[in-house]
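**Q** what would the 3D arrangement of this be:
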Amino acid sequence: MSPTVALQYLLPQKTLSRIVRAATRWTWRPWKNFLIARVVRRYRVDMSEAAQRDPFAYPHFNAFFTRALKPGARHSSGSDSIALCPADGRISQAGRIEDGRILQAKGRDFSATELLADEEAAAFYRDGHFITVYLSPRDYHRVHMPLDGELIETVHVPGRLFSVAPGPVAQIPRLFARNERLICHFLGPQGPFAMALVGALLVSGIRTVWSGREGPPYAAHVVRSDWRGRGVRLARFAEMGRFEMGSTVVLLLPPGSLLLPGLLPEMPVRVGQRLALFPADF
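**A** Take a look at the predicted model:
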C-alpha cells in the first residue's frame, strides 16, 4: 500500500469533510472564485455544457460543483427496457455479480450484502449485474435514473470516508462496502434495482430530489426510511440526486439483465448512455 493511501487510515476524515462543507459554501467572492478557478484549470472543466457558463457567476463553490447542464446537453438512448448510465464519469468496474460478490478492482471484491447492509435485499442481485461509475472533480455531479422506478426504501449506512479515486480503490480492501453511503432501492417494470451513492474523503453531502439533504451526515448507525406507497416515482433519465463533491455510484441490476459489450475499466461514460438491457423484453 502506498504511503499516500496508508495516510488515509490516520486522517480525521469526517472532520476534514465538515471543514470542506463550510469552505465550499463560503460566498466571499475572492475565496469562492479562487477555488473555482483552481478546479477549472486543474481538471479542465468544460463549462460550455453548463446552464450557467460563467464559472464565477455561481454564489459559492458548491453551487458551481453541482451545476445544472443546459437543456439538451444529455440525451436518453433506446427503449424503456434499456438501463442508462446514471452519471458522468468513468467505469471503475462492470460485470456479473458472481455468487453475490462484486468486483472492486483486480484481486479485490466485496459482497452485495456488505454494500447494501441487508442480506435479504442483496439476494435479489446474487447473479445479477453491477456497474460502478467514478465521478472525478471535472464531471457533472448530478445522478440520474437508469430506469423507470418507484422508490421503495433508502438506507443510510455509516462508515469511513476513504477517497474513491482509482489508487485507493485498487489498494483498500472492500472500500465501497466500508465508506458511508446512501442506498436507494427502486422497483421498476423489470424488477428491483438499486443505486449506492458512496461518500468519500472531502465529500460534504448527498442530496436527493425527494428529500433534499440526506442525513444524518456521518451517521452513527444504519438509518432506514420506508418510501413504499408515498408516490415517489421517477422516470428513466430523470435527475434523482447529486454529490456535493465527487464520488461513486454503484448500480445493481437483477438477474435477467445483460450488460452491453465494451464496458471496460477507465472507459468514459455519460448520463443517458446505454449500459444494459433486459433481453426478455425484446
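**Q** can you map out the helices along the chain?
**A** Assigned by DSSP state H, the chain shows helices spanning 3-7, 13-23, 29-43, 61-65, 112-116, 119-123, 166-171, 175-178.
**Q** ok, of the ones you listed, where does mean pLDDT dip lowest?
**A** When the helices of the chain are compared on mean pLDDT, helix 3-7 scores lowest, with a mean of 79.
**Q** contacting residues around it?
**A** For helix 3-7, the external contacting residues (Cβ atoms under 8 Å, 6 or more residues apart in numbering) are Ser163, Gly167, Pro168, Gln171, Ile172. The C-beta positions use only the backbone N, C-alpha and C, and glycine is treated the same way.
**Q** the residue minimising distance to the centre of the chain and Ala23, how far apart?
**A** The centroid of the chain falls nearest to Val249 when counting by Cα atoms, centre = their mean (2.6 Å). Per Cβ to Cβ, to the nearest Å, Val249 is found 25 Å from Ala23.
**Q** related to what we said a few turns ago, okay, the helices of the chain in a markdown table with mean neighbour count next?
**A** Formatted as a markdown table, the helices of the chain follow (neighbours: other Cβ atoms under 10 Å):
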| stretch | mean neighbour count |
| --- | --- |
| helix 3-7 | 11 |
| helix 13-23 | 16 |
| helix 29-43 | 14 |
| helix 61-65 | 23 |
| helix 112-116 | 22 |
| helix 119-123 | 15 |
| helix 166-171 | 18 |
| helix 175-178 | 22 |
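**Q** would you map the strands across the stretch 151-282 of the chain?
**A** Secondary structure of the stretch 151-282 of the chain (DSSP state E, counting those that start in this stretch): strands located at 181-188, 191-198, 206-208, 212-213, 223-226, 233-234, 239-243, 248-253, 258-259, 268-269, 274-277.
**Q** what lines up beside the second one in the sheet?
**A** Translated: strand 191-198. strand 181-188 (antiparallel), strand 248-253 (antiparallel) (DSSP bridges).
**Q** just to revisit the earlier point, identify the farthest-apart pair in the contacts of helix 3-7.
**A** Between any two of the contacts of helix 3-7, the greatest separation by Cβ to Cβ is 10.3 Å, found for Ser163 and Gln171.
**Q** which one of the contacts of helix 3-7 is nearest Leu182?
**A** Proximity of those to Leu182 was ranked by Cβ to Cβ; the top entry is Ser163 with 17.9 Å.
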